[in-house]
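J.: A structural model of the following input is requested.
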Amino acid sequence: MAGGSKRYSRNNSNGNFQPLPERGPVESLIYWRDVKKSGIVFGAGLITLVAISSFSVISVFAYLSLLALFGTVAFRIYKSVTQAVQKTNEGHPFKEYLELDLTLSQDKVQNIAGVAVAHINGFTSELRRLFLVEDIIDSIKFGVILWVFTYVGAWFNGMTLVILAFVSLFTLPKVYENNKQSIDTYLDLVRSKLTEITDKIRVAIPIGNKKPVAAAESDKDK
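T.: Numbers count the residues shown, from 1 in each chain. Sure thing, here's the model as predicted:
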């Protein structure tokens, strides 16, 4: 593997190694493909979230910005002095980043807006379906989830939940990848049990149940 740019997995059928599909930058971070980059992002993000939970957002933003500005100014001065002493002409140390195109094209903005609107529409439609009891079983499940959240809200505040979600984002995907077979086995077992319980509840509560297509057609023929 040249430079470690490609990842391979063993094909169980013939024992050959097959290249794994390339992941996006976000997936590479949360799966720790580059430990150094993932560690920096995880550490910086966790420190920022913990700071926000202890201080105001404005204070955290101001202090972090001052720290970053101090670092860039110090590095800029250091490189200028080094170039003057060594009589080199390397140019601006941040030239590569200053030349990056950070503008958003109109097409990209429209695509992002379209995706956001589609998710919002789907979310509102699902909430309407659940609150207006289109399917009583789904509404009961939703009620149970809300009931659980009342206890979660009593145990943790919003910022603590954000920190836990951030830590989970950088740990659970990697744990699942390393133990995929065992976790999938347990998930399938839980899923089958939930489906069995749901089916029993649907039989016990006929409200909102729809007749099977075959039964409906036989009734129509009669």
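J.: and the strands in the chain, which stretches?
T.: Using DSSP state E, the strands of the chain run over 8-10, 17-19.
J.: which other residues reach stretch 179-195?
T.: Stretch 179-195 is contacted from outside by Tyr176, using CB atoms under 8 Å, 6 or more residues apart in numbering. From N, CA and C alone the C-beta is placed, and that goes for glycine too.
J.: how about it: buried residues?
T.: Using 16 or more other CB atoms under 10 Å as the test for burial, stretch 179-195 gives no buried residues.
J.: center of the protein, which residue is that?
T.: By CA atoms, centre = their mean, the chain has its centre lying nearest to Leu169, at 6.2 Å.
J.: that one against Tyr31, yeah?
T.: No: Leu169 is beyond contact range of Tyr31, at 10.7 Å (criterion: CB atoms under 8 Å).
J.: thinking again about what came up before, worst average pLDDT in the strands of the chain?
T.: Of all these, the minimum mean pLDDT falls on strand 17-19 (a mean of 42).
J.: report the separation between the spatially closest residue to the residue nearest to the centre of the chain that is not a sequence neighbour and Ser168.
T.: Distances taken as CB to CB, 6 or more residues apart in numbering place Ile30 nearest to Leu169, at 5.6 Å, with adjacent residues excluded. For Ile30, the distance to Ser168 equals 10 Å [CB to CB, to the nearest Å].
J.: so between the two, which is more surrounded?
T.: Legend: neighbour count by other CB atoms under 10 Å for Ile30 and Ser168, higher for Ile30 (18 against 12).
J.: any idea how far the more buried one is from Ile47?
T.: Taken as CB to CB, the span from Ile30 to Ile47 is 18 Å.
J.: cool, Ser28 as well?
T.: From Ser28 to Ile47 the distance is 21 Å (CB to CB).
J.: does the residue nearest to Leu169 really touch Lys174, like I thought?
T.: Yes: between Ile30 and Lys174 there is a contact under CB under 8 Å: 7.4 Å.
J.: so which bits of stretch 141-153 are buried?
T.: Buried-residue list, stretch 141-153, by 16+ other CB under 10 Å: Phe142.
J.: for it, give me every contacting residue.
T.: Contacts of stretch 141-153 (CB under 8 Å, 6+ apart): Leu130, Leu161.
J.: thanks a lot, see you next time.
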